[in-house]
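>>> below is the sequence, then the predicted model.
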There are 2 protein chains.
Amino acid sequence: MEIIGEKINGTRKRVARAIAERDAGFVCDLARRQAEAGAAWLDVNAGTHPQQEPGDLVWLVENVQAVTDTPLSLDSANPKALAAAIEVVDKTPLINSISGEPERLGNILPLVAEHGCCVIALAMAATKIPETSAARVAVVHKVMEATRASSVPDEHVYVDPLVLTIGTDTCSGLTFFETLRAVHAAYPEVHLTAGLSNISFGLPARSYINRAFLTLAVGAGLDSAILDPLDQDLRATLLAAELVLGRDDYCLAYTRAYRAGVFD
Amino acid sequence: MEIIGEKINGTRKRVARAIAERDAGFVCDLARRQAEAGAAWLDVNAGTHPQQEPGDLVWLVENVQAVTDTPLSLDSANPKALAAAIEVVDKTPLINSISGEPERLGNILPLVAEHGCCVIALAMAATKIPETSAARVAVVHKVMEATRASSVPDEHVYVDPLVLTIGTDTCSGLTFFETLRAVHAAYPEVHLTAGLSNISFGLPARSYINRAFLTLAVGAGLDSAILDPLDQDLRATLLAAELVLGRDDYCLAYTRAYRAGVFD
């Protein structure tokens, strides 16, 4: 299971301030702690105006790279910001994200193909997330047609089936799991990822819902997740899910994490 | 999801003492609290020597029935104790349990058939739990042949695929889920149940493992479980699993439980 560390995100107030004030210490600390907690990728999102974004994203990349070797997930819908950041990354990045929207696909996919990047593909075409699993899978087929036409190998693609809150749609979890299974069946080499916490938006006792959703998603084939690697409860939940699903030989990862205090 | 409350069990020291001393208050309190916590059945197990067991089980049944209407799960491998208890129950009970062992099947199944009881069927023939899912399913086929021959309707049967600790077999969870799915596919009317906590026997941080296992088991079709209904964490886990699996319309059960303090 690859964790994409979500904390360096300029849409969060405290991170936005650090970017505006060029507070490298704050950003480097977030990078170091997420990397130490086992993140496979560190997401960097400047979250600023299109004109500022290329400079801000490059500043984030350079500072994060100064303290960790963990590869980066460049999180932007702005081709200029992505192009500028790709020029300064040390390791081939993950691009977050393309979708079925023709403009986004046309602007970002060439960068992905040219630089041999990995890429997150959202199962939506316009600004609205399709309600049914069939409609999301249809979008994924279109996107995969495009990535294959651009010679991006399937194993470089991370499909995000997208999660809506169960507060407004009782079947939201089922739709997600169905999409996950259908994409896995059609494209067995493709990675499956998601931002998870939307599932519980607007509901009480969210941690129980997030845990159940993460556990069932891992069971349904999720092999990557965008989350806070410093959240010990989610890490513990992941370790337990993989243990119960027979993916932890001799319980080594679980017992090691126990000794390291992850379950405290 | 039907919870079979496990607390009135004479193999536990404190309960054994209550039975020996005819401490009705202790037993009634356990019964009342489990019923109030939503148990669908209350398991009663005297856990005493074969000669004493009929009298002890009848004493348990009479006392539990004095304080709650919840039907009972008569937990014994002793046909005499079961026959005596069946004579005094107010509501048709669940018999816990038969297995593929010919003697047990021959002694207990006639009681089940005669009194129209529900029955738990363990997926084992002798004293050792079969290692593979195929071997467990083979036992279930034999048992189902016998229950059908005795005209016990499939929906009265609760199959327990049996859980071994993951500490000695990495695939123990997978074997359980496979058995669950295979039994459900072959006998869609049959209920699926389990005692869950064995999965984590001998491992640290057991609550995380038990939670992950319960969540994945509910996803794989478990519709009943033998557990402690007073364990708020397990109840909360169950509620979250059912919510995420689209089985809680308008999130009513979840939000009601939240207001009742289940997640505190």
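Thanks, I have the structure now. Every value quoted in this text rests on a predicted model; they were computed, and no experiment measured them.
>>> now name the helix or strand holding A:D43.
Mapping A:D43 onto the secondary structure by DSSP states H and E places it in strand A:41-45.
>>> show me what counts as buried in stretch A:229-246.
Neighbour-count burial for stretch A:229-246, counted by 16 or more other CB atoms under 10 Å in any protein chain shown, picks out A:229, A:231, A:234-246. Yep, even glycine has a C-beta here, placed from its N, CA and C like the rest.
>>> cool, and stretch A:64-81?
In terms of neighbour count (16+ other CB under 10 Å), stretch A:64-81 has its buried residues at A:64-65, A:68, A:70-79, A:81.
>>> one more: stretch A:119-135?
For stretch A:119-135, a neighbour-count test (16+ other CB under 10 Å) marks A:119-125, A:129-130, A:133 as buried.
>>> and A:Q51, how close does it get to chain B?
Taking CB to the nearest CB, to the nearest Å as the measure, A:Q51 falls 42 Å from chain B.
>>> actually A:D160, not the one I typed
To chain B, A:D160 is 18 Å away according to CB to the nearest CB.
>>> cool, and A:V89?
Plainly put, A:V89 is 36 Å away from chain B if you go by CB to the nearest CB.
>>> do the same with A:R206
As it turns out, when the distance is counted by CB to the nearest CB, A:R206 lies 10 Å from chain B.
>>> and what of A:T70?
In this view, A:T70 and chain B are 26 Å apart by CB to the nearest CB.
>>> tell me the phi and psi of that residue?
Backbone geometry at A:T70, expressed as degrees, to the nearest 10, gives phi -60, psi 130.
>>> from A:A123, how far off is the residue lying closest to A:E178 once chain neighbours are set aside?
Of all residues beyond its chain neighbours, the one nearest A:E178 is A:S133 (3.9 Å), with distances taken as CB to CB, 6 or more residues apart in numbering or on different chains. According to CB to CB, to the nearest Å, A:S133 stands 9 Å off from A:A123.
>>> where is the longest helix in chain A?
The helix of greatest length in chain A, counted in residues with DSSP state H as the criterion, is given as helix A:133-149.
>>> following the strand holding A:D43, which helix or strand shows up next?
Taking DSSP H and E, what comes next after strand A:41-45 is helix A:53-67.
>>> for the residue nearest the centre of chain A, helix, strand, or coil?
Among the residues of chain A, A:I226 comes closest to the average C-alpha position under CA atoms, centre = their mean, at 3.7 Å. With DSSP: H, G, I helix; E, B strand; the rest coil as the basis, the three-state label of A:I226 is strand.
>>> hang on, it packs against A:A194?
Yes. Shown here, A:I226 and A:A194 form a contact pair, counting by CB atoms under 8 Å, at 6.8 Å.
>>> between those two, what contacts are shared?
Common contacts of A:I226 and A:A194 (CB atoms under 8 Å, 6 or more residues apart in numbering or on different chains): A:D160.
>>> what parts of chain A come near chain B?
By the rule CB under 8 Å from any CB of the partner chain, the part of chain A lying against chain B is A:166-167, A:170-174, A:199, A:203-205, A:208-209, A:211-213, A:215-216, A:219, A:236-237, A:239-241, A:243-246, A:248-251, A:254-255, A:258, A:263.
>>> from the stretch 1-150 of chain A, which residue is nearest to chain B?
When distances are taken as CB to the nearest CB, the stretch 1-150 of chain A approaches chain B most closely through A:S133, which lies 12.1 Å from it.
>>> how about the contacts made by that residue?
If a contact means CB under 8 Å, 6+ apart, then A:S133 has A:161, A:175, A:178-179, A:182 as its contacts.
>>> let's see 10 Å
Contacts here follow CB atoms under 10 Å, 6 or more residues apart in numbering or on different chains; on that basis A:S133 touches A:123, A:161, A:171, A:174-183.
>>> filter those down to the ones in helices?
Within the contacts of A:S133, residues falling in helices by DSSP H are A:174-183.
>>> chain center to stretch A:219-236, what's the gap?
Put simply, stretch A:219-236 sits 10 Å off its chain's centre (CA atoms, centre = their mean, to the nearest Å).
>>> how far does that stretch stretch from one end to the other?
15 Å (CA to CA, to the nearest Å).
>>> for stretch A:34-52, same thing?
26 Å.
>>> got it, and stretch A:9-29?
Its start and end residues considered, stretch A:9-29 measures 14 Å (CA to CA).
>>> and if you look at stretch A:193-206?
Its first and final residues considered, stretch A:193-206 spans 20 Å by CA to CA.
>>> tell me the mean pLDDT over it?
In this model, stretch A:193-206 carries a mean pLDDT of 94.
>>> show me what counts as buried in it.
Buried residues in stretch A:193-206, counted by 16+ other CB under 10 Å: A:193-200, A:203, A:205.
>>> now swap in stretch A:143-156 and tell me
For stretch A:143-156, a neighbour-count test (16+ other CB under 10 Å) marks A:143-144, A:146-147, A:152, A:156 as buried.
>>> contacts for it next, please.
Around stretch A:143-156, the neighbours that count as contacts under CB under 10 Å, 6+ apart are A:92, A:94-95, A:98-102, A:105-106, A:109-110, A:112-114, A:116-119, A:121-125, A:157, A:159, A:183, A:186-191.
>>> now which of those residues would you call buried?
A:94-95, A:98-101, A:105, A:109, A:112-113, A:117-119, A:121-125, A:157, A:159, A:183, A:187, A:190-191.
>>> most widely separated two among the buried residues of stretch A:64-81?
For the buried residues of stretch A:64-81, with distances taken as CB to CB, the pair at the greatest spread is A:T68 and A:P79 (25.9 Å).
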